[in-house]
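Visitor: Predicted model, plus sequence, below.
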Amino acid sequence: MATTTPTPLAKMRPNDPCWCGSGNKFKRCHKAATDRVVAGTISERRPVPSEIERPHYAEHGGTDDRNEPMVKDADTLERMRRTGRAAAEILRQVGEAIEPGITTDELDALCHRLCIEAGGYPSPLNYGTDPPFPKSVCTSVNEVICHGIPDSRPLRDGDIVNLDVTLFREGVHGDTNATWAVGTADPESLRLIRVTRECTQLGIEAVAPGRPVSDIGRAIQDHAEAAGFGVVRAFVGHGVGREFHTPPEILHYFHPRADQRMEPGMTFTIEPMIAVGAWQQKLWSDGWTASTVDGKRTAQFEHTLVVTDDGAELLTLHPDGRWSGDGGQPGDPLG
């Protein structure tokens with residue numbers, strides 16, 4: 001039986017039949033989901049109960065002490081395992097709430113509540129300076145690469161959205177994210193999500209003690225570019241533990257300057273941002289939201305891990321052993 005290749009989303013014209021097979025014209029079906037993302041209204045900062053342990057920046061903003069040791073002791077690692085698993089459960093639950101019509105602010109309210117119910121603090125809340133991040137989760141839609149601020153914009157059928165959840169509990173952070181399709185997304189967006197998940201997995205598989213972290217970027221870049229996608233350069237993986245962002249810096253593309261050698265006990269994130277088109281970014285006036293310069297879509301997945309004697313242990317894998325988001329192949333036990 002003959003098959004046809006769907007027209008790439010970027011090349012769809014308003015009067016073309018929609019890629020979804022509805023029989024309607026593109027302009028009357030999924031075109032709205034291809035429009036540039038426009039910021040909505042940001043609600044007031046949500047309170048955190050006084051009994052919840054807070055990171056040092058929670059009241060007045062701020063960043064990190066970058067002198068935290070990269071290699072963690074056994075007690076810190078055990079606390080990071082517990083916190084990471086809790087963050088993974090929160091990510092999964094918020095992801096399950098994604099549907100057309102829900103606002104990213106409603107997703108933020110859910111994430112905020114779940115963090116508190118887990119006995120932790122939502123790490124993004126009031127992190128940074130000029131200005132501090134105002135919400136409890138980053139929600140990055142379509143062409144937004146990262147650090148999207150939840151607001152009143154409803155998600156549309158055909159959008160894709162990344163949720164970046166970080167939980168502070170027991171004195172440590174667990175940082176993880178995943179990308180979902182909203183309703184019925186076009187084939188190109190689904191392929192982008194899948195390849196991004198594969199890039200993340202390949203980056204994790206490149207972790208080995210004694211090797212430079214550039215191995216991680218090489219594995220990610222090779223796979224992304226072989227699929228016809230680009231790797232965003234402006235944002236990197238990072239060390240994590242008592243502080244939110246510390247050394248080492250993990251580039252998601254190959255560069256010889258990424259020569260830090262991996263050691264057992266070292267903890268960091270791998271979180272590649274993969275783009276359909278240009279990998280260059282521009283920053284919105286809110287000081288946080290970064291989007292692609294050409295308005296084409298990006299996806300991202302992230303795990304916190306610890307380097308082991310023979311590879312890596314994921315500290316933010318959901319307790320059921322499955323990844324969150326829409327990046328898995330059918331039948332993939334990690335999908």
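Guide: Nice, thanks for sending it over. Fair warning: this is a prediction, and the values are worked out from it, not measured in the lab.

Visitor: could you pull out the helices for the stretch 1-150 of the chain?
Guide: 74-96, 104-117 (DSSP state H, counting those that start in this stretch).

Visitor: What residues of the first one count as buried?
Guide: If you call a residue buried by 16 or more other CB atoms under 10 Å, then helix 74-96 has these buried ones: 76-77, 79-81, 83-92, 94-95. Using the backbone N, CA and C atoms, a C-beta is placed for each residue, glycine as well.

Visitor: Can I get it in CSV? Just the C-alpha atoms.
Guide: Extracted as CSV, the C-alpha positions of helix 74-96 are listed here (Å, rounded to 0.1, in the frame of the first residue of the first chain):
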residue,chain,number,x,y,z
ALA,A,74,27.4,8.8,50.6
ASP,A,75,24.9,10.7,52.9
THR,A,76,24.4,13.5,50.3
LEU,A,77,23.9,10.9,47.5
GLU,A,78,21.3,9.1,49.5
ARG,A,79,19.4,12.3,50.2
MET,A,80,19.7,13.2,46.5
ARG,A,81,18.2,9.8,45.5
ARG,A,82,15.1,10.3,47.7
THR,A,83,14.7,13.9,46.5
GLY,A,84,15.2,13.0,42.9
ARG,A,85,12.6,10.2,43.0
ALA,A,86,10.1,12.6,44.5
ALA,A,87,10.9,15.2,41.8
ALA,A,88,10.3,12.5,39.2
GLU,A,89,6.9,11.6,40.7
ILE,A,90,5.9,15.3,40.6
LEU,A,91,7.0,15.7,37.0
ARG,A,92,4.9,12.7,36.0
GLN,A,93,1.8,13.9,37.8
VAL,A,94,2.0,17.4,36.4
GLY,A,95,2.6,15.9,32.9
GLU,A,96,-0.5,13.8,33.2
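
Visitor: any idea how far that helix is from the chain center?
Guide: Computed by CA atoms, centre = their mean, to the nearest Å, the chain-centroid distance of helix 74-96 equals 15 Å.

Visitor: ditto for the shortest one
Guide: Averaging C-alpha positions (CA atoms, centre = their mean) puts helix 104-117 16 Å from its chain's average.

Visitor: So which bits of stretch 221-231 are buried?
Guide: Buried-residue list, stretch 221-231, by 16+ other CB under 10 Å: 221, 223, 224, 229, 230, 231.

Visitor: Kindly report the same for stretch 104-117.
Guide: 104-116.

Visitor: can you tell me which of the helices of the stretch 1-150 of the chain comes nearest to residue 58?
Guide: helix 104-117 (12.2 Å; CB to CB).

Visitor: what's the burial count for residue 291?
Guide: 23 (other CB atoms under 10 Å).

Visitor: you'd agree it is in a strand?
Guide: Yes. Residue 291 forms part of a strand when assessed by DSSP: H, G, I helix; E, B strand; the rest coil.

Visitor: pLDDT value on it, please?
Guide: With respect to pLDDT, residue 291 scores 98.

Visitor: So it is in contact with residue 281, correct?
Guide: Yes. Using CB atoms under 8 Å, residue 291 is in contact with residue 281, at 6.7 Å.

Visitor: Now for these two: what residues contact both?
Guide: residue 145 (CB atoms under 8 Å, 6 or more residues apart in numbering).

Visitor: Sketch out the low-pLDDT regions of the stretch 1-150 of the chain for me.
Guide: 1-10, 27-28, 32-33 (pLDDT under 70).
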